[in-house]
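J.: After the sequence you'll find the predicted model.
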Amino acid sequence: MFLIKSFPNVKQLSNLTSLRIRLTLGIAAVSILGLSGVVILICWQMQSILVVTHKNNTRYIAERFPSDVKIYSDMVSLQEGTKKAIDNLSNPQTLLWVKTPQGEILAQSQALKMGMRGTNLISLTDISPQPELQRVNNRYWLLCSTKLVVKGVDLGQFYIAQDITKDQTMFLSLMRTLLLVSLIATIFITGTIAWYIQTSLQPLKRMSHMTKYISPETLGEVQIQLENAPSEVKELAHTLQTTLTRLSHAWEDQRQLVSNVSHELRTPLTVVSGYLQSTLRRGNNLTDIQREALETASSEADRTIQLLQDLLDLARAENGRMYFHLETIVLNELLAEIEGMVYQYSLPIQISLPDELVKVKGDKNRLKQVFLNLIDNAVKYSHSLEPIIIKLSQDKQQANIQVCDRGVGIPLADQTRIFERFYRVDEARSRNVGGTGLGLSIVKTLVEGMGGTIQVISQPNQGTTFTILFPVS
Ligand code: ADP
């Protein structure tokens with residue numbers, strides 16, 4: 001069972017950069033090479049031992065035969081002596097025969113004569129002087145032939161055939177068993193290695209899983225604890241934990257700084273703005289140049305106050321210190337209220353409301369802030385006189401509010417980034433229309449803080465639609 005679990009699937013196998021696949025394939029390749037090397041060596045050794053023994057035996061007969069014939073022919077004729085020598089050296093596994101130069105059989109082993117076995121051997125012509133393994137009639141023969149000259153008489157060609165079928169069959173079946181065993185051993189070793197590597201890499205996987213969903217908000221809460229992990233991985237986890245803790249402190253310090261600076265600057269700037277506005281209101285004897293300068297200073301002060309307020313809001317949201325006064329809100333009423341607030345915009349704002357009441361849980365002021373921000377953007381980034389359309393609808397258990405404009409649109413590549421802090425699509429274009437680049441990130445923080453989601457669909461020069469979804473209450 002563990003083999004099935006630990007063997008990587010096809011998708012994992014294609015990922016050759018994975019440490020697990022690399023190690024498994026590497027070790028499996030080495031073990032396959034090692035095992036096949038051993039098997040080949042064993043087979044080669046066994047084959048040599050088997051063949052060499054028989055070859056030596058064949059050579060011995062080939063060397064001894066002429067002297068045997070000579071000894072026998074001292075008592076009888078050369079032909080008779082040849083027959084006797086053949087009878088003497090033949091046995092069930094060794095067949096001998098002599099052919100005259102004319103190709104006739106001068107003498108042959110009894111078994112050949114009786115046609116018991118190996119009769120096809122006699123018809124073979126190209127048998128070399130060195131013993132060679134040949135398969136004849138489904139049997140393995142070691143064959144060799146030499147010239148037979150005794151007492152200066154050319155008796156013809158002497159042939160030796162050794163039947164090694166039994167040994168060769170045994171060797172072949174042994175080789176098959178060995179191959180099968182090594183195949184099973186390879187599969188087993190590879191499976192065991194894959195399982196072992198997977199188990200060893202488990203702590204690294206757990207660590208990556210633990211750190212996968214870390215966000216700036218959860219940096220300080222992460223605890224990387226690995227039981228039974230190798231010491232190297234534990235050390236890595238410890239280092240990562242220390243780094244995360246340091247990062248969390250740095251992040252917290254940065255948020256605190258932004259929050260404090262925004263807060264400290266906002267108060268004096270509000271005072272400055274108040275003085276500028278009252279001076280402008282009461283300054284009847286101001287020259288045109290002085291009035292223009294004061295107006296610029298006042299609008300810049302207001303813009304900076306807005307930026308500081310946005311920064312403060314974001315810092316509070318990230319600290320988890322942004323509190324929502326949640327209540328049931330009838331979106332139809334809220335949007336009608338907003339319609340009354342936006343009449344001063346240069347573009348017509350059309351609000352389309354359904355007959356049924358759409359209720360959500362939210363903070364009224366924060367929701368107003370969200371819609372006013374989106375309407376403000378829609379007006380800022382529209383250069384035609386096409387109206388801005390706000391559509392409310394209810395779809396199953398969701399309230400759906402769309403803010404659509406026919407303005408400049410947002411290129412696809414920027415659509416995922418516009419919710420980032422200080423991100424502006426085209427700095428030059430955006431600077432002309434004012435803004436800080438924080439509006440949409442505040443909108444997103446507020447919407448998500450109240451349990452909703454926000455999406456954007458846009459096409460350059462066609463227009464943009466922001467869709468906000470809230471669960472209905
Ligand atoms: P800004 O203060 O610059 O408006 P926002 O966070 O509100 O900052 O918007 C980020 C960027 O998204 C803007 O600079 C603008 O380029 C783009 N954007 C936002 N709303 C629209 C819109 N309705 N049409 C086109 N572009 C938009």
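T.: Alright, I've got the coordinates.
J.: by contact count, what packs against the helix or strand that contains Trp251?
T.: Taking DSSP states H and E as the criterion, Trp251 maps to helix 231-282. With contacts defined as 3 or more Cβ pairs under 8 Å, 6 or more residues apart in numbering; DSSP states H and E, helix 231-282 has these neighbours: helix 165-212, helix 288-319. All C-beta spots, glycine's among them, are computed from the backbone N, C-alpha and C.
J.: Could you dump those into CSV with mean pLDDT, mean neighbour count and distance to the ligand added?
T.: Below are the helices and strands packed on helix 231-282 laid out as CSV (pLDDT from 0 to 100; neighbours: other Cβ atoms under 10 Å; distance: least, Cβ to the nearest ligand atom, whole Å):
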stretch, mean pLDDT, mean neighbour count, distance to the ligand
helix 165-212, 87, 15, 28
helix 288-319, 87, 16, 9
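J.: how far does the helix holding Trp251 sit from the chain's center?
T.: In terms of Cα atoms, centre = their mean, to the nearest Å, the centre of helix 231-282 is found 39 Å from the chain centre.
J.: how big is the angle separating it from helix 288-319?
T.: With axes from the mean of the first three to the mean of the last three Cα atoms, to 10 degrees defining the directions, helix 231-282 sits at 150 degrees from helix 288-319.
J.: and helix 231-282, average pLDDT?
T.: For helix 231-282, the mean pLDDT works out to 90.
J.: What pairs with the helix or strand in which Lys391 is found, parallel or antiparallel?
T.: Assigning secondary structure by DSSP H and E places Lys391 in strand 388-395. Here strand 388-395 has these sheet partners by DSSP bridges: strand 349-352 (parallel), strand 398-405 (antiparallel).
J.: right, is the longest one up against the ligand?
T.: This means strand 398-405. Yes. Contact of strand 398-405 with the ligand (Cβ under 6 Å from any ligand atom) involves Asp405.
J.: which residues touch that strand?
T.: Strand 398-405 is contacted by residues 331, 335, 358-360, 371, 374-375, 378-379, 381-382, 386, 388-394, 463-472 when judged by Cβ atoms under 8 Å, 6 or more residues apart in numbering.
J.: Same list, these, but only the ones touching the ligand.
T.: Answer for the contacts of strand 398-405 near the ligand (Cβ under 6 Å from any ligand atom): 378, 381, 464.
J.: Filter the residues you listed down to the buried ones, PyMOL style.
T.: In PyMOL syntax, the buried subset of these is picked out as below (16 or more other Cβ atoms under 10 Å):
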select buried, resi 378+381+464
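J.: want to try JSON lines for the ones next to the ligand among the contacts of strand 398-405, with secondary structure as columns?
T.: Shown next, in JSON lines, are these (DSSP: H, G, I helix; E, B strand; the rest coil):
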{"residue": "Ala378", "secondary structure": "helix"}
{"residue": "Tyr381", "secondary structure": "coil"}
{"residue": "Thr464", "secondary structure": "strand"}
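J.: Near the ligand, which residues of the stretch 351-473 of the chain? Just list them.
T.: Applying Cβ under 6 Å from any ligand atom, one finds that the stretch 351-473 of the chain approaches the ligand through 377-378, 381, 405, 407-410, 418, 423-425, 430, 435-441, 464.
J.: Next, count neighbours for the nearest residue to Lys234 once chain neighbours are set aside.
T.: Sequence neighbours aside, Leu226 is the residue nearest to Lys234 in space, at 6.0 Å (criterion: Cβ to Cβ, 6 or more residues apart in numbering). Leu226 sits with 17 neighbouring residues when counted by other Cβ atoms under 10 Å.
J.: Skipping its backbone neighbours, what lies nearest Met75 in space?
T.: Nearest to Met75 is Gly81, by Cβ to Cβ, 6+ apart, at 7.5 Å.
J.: Pretty sure that neighbour sits in a helix.
T.: Yes. Assessed by three-state DSSP, Gly81 belongs to a helix.
J.: mind checking how far it is from Gly152?
T.: 14 Å (Cβ to Cβ, to the nearest Å).
J.: okay, these two: which has more neighbours?
T.: Neighbour totals were compared for Gly81 and Gly152, and Gly81 leads with 22 against 5 (other Cβ under 10 Å).
J.: which residues sit in contact with the more buried one?
T.: Taking Cβ under 8 Å, 6+ apart as the test, what Gly81 contacts is 69-75, 150.
J.: Let's see if you can find the most crowded of those residues.
T.: Of the contacts of Gly81, with other Cβ under 10 Å as the count, Val69 tops at 27 neighbours.
J.: Can you spell out which helices and strands pack onto the strand or helix carrying that one?
T.: Element membership for Val69 (DSSP H and E) is helix 19-73. Secondary-structure packing of helix 19-73 (3+ Cβ pairs under 8 Å, 6+ apart): helix 10-14, helix 78-89, strand 94-99, strand 139-150, strand 153-163, helix 165-212.
J.: Tell me the confidence at the residue nearest to Leu179 when sequence neighbours are not counted?
T.: Of all residues not flanking Leu179 in the chain, Val39 sits nearest, at 6.4 Å (Cβ to Cβ, 6+ apart). Looking at Val39, its pLDDT reads 86.
J.: Same check on Leu13?
T.: So Leu13 comes in at 55 (pLDDT).
J.: cool, and Gly320?
T.: On pLDDT, Gly320 comes in at 66.
J.: Phe7 too?
T.: 52.
J.: For my notes, confirm Val456 occurs in a strand.
T.: Yes. Read with three-state DSSP, Val456 is one of the residues of a strand.
J.: That one and Ser182: what is the separation?
T.: The spacing between Val456 and Ser182, counted by Cβ to Cβ, is 62 Å.
J.: what's the spacing between the nearest residue to Thr270 once chain neighbours are set aside and Thr267?
T.: Once flanking residues are discounted, Thr270 sits nearest to Ile305: 6.0 Å by Cβ to Cβ, 6+ apart. Distance, Ile305 to Thr267, by Cβ to Cβ: 10 Å.
J.: and if you look at Glu292?
T.: Taking Cβ to Cβ, one finds Glu292 at 27 Å from Thr267.
J.: same check, this time on Pro203
T.: 52 Å.
J.: before we move on, what about Ile338?
T.: To Thr267, Ile338 is 29 Å away according to Cβ to Cβ.
J.: neighbour count winner among those two?
T.: Ile338 (17 against 11).
J.: so which strand or helix has that one?
T.: Element membership of Ile338, judged by DSSP H and E, is helix 331-341.
J.: For that helix, buried residues please.
T.: 331-332, 334-335, 338.
J.: three-state assignment of the nearest residue to Arg417 once chain neighbours are set aside?
T.: Nearest non-adjacent residue to Arg417, counting by Cβ to Cβ, 6+ apart: Tyr423, 5.0 Å away. Per three-state DSSP, the secondary structure class of Tyr423 is coil.
J.: Many thanks, we can stop here.
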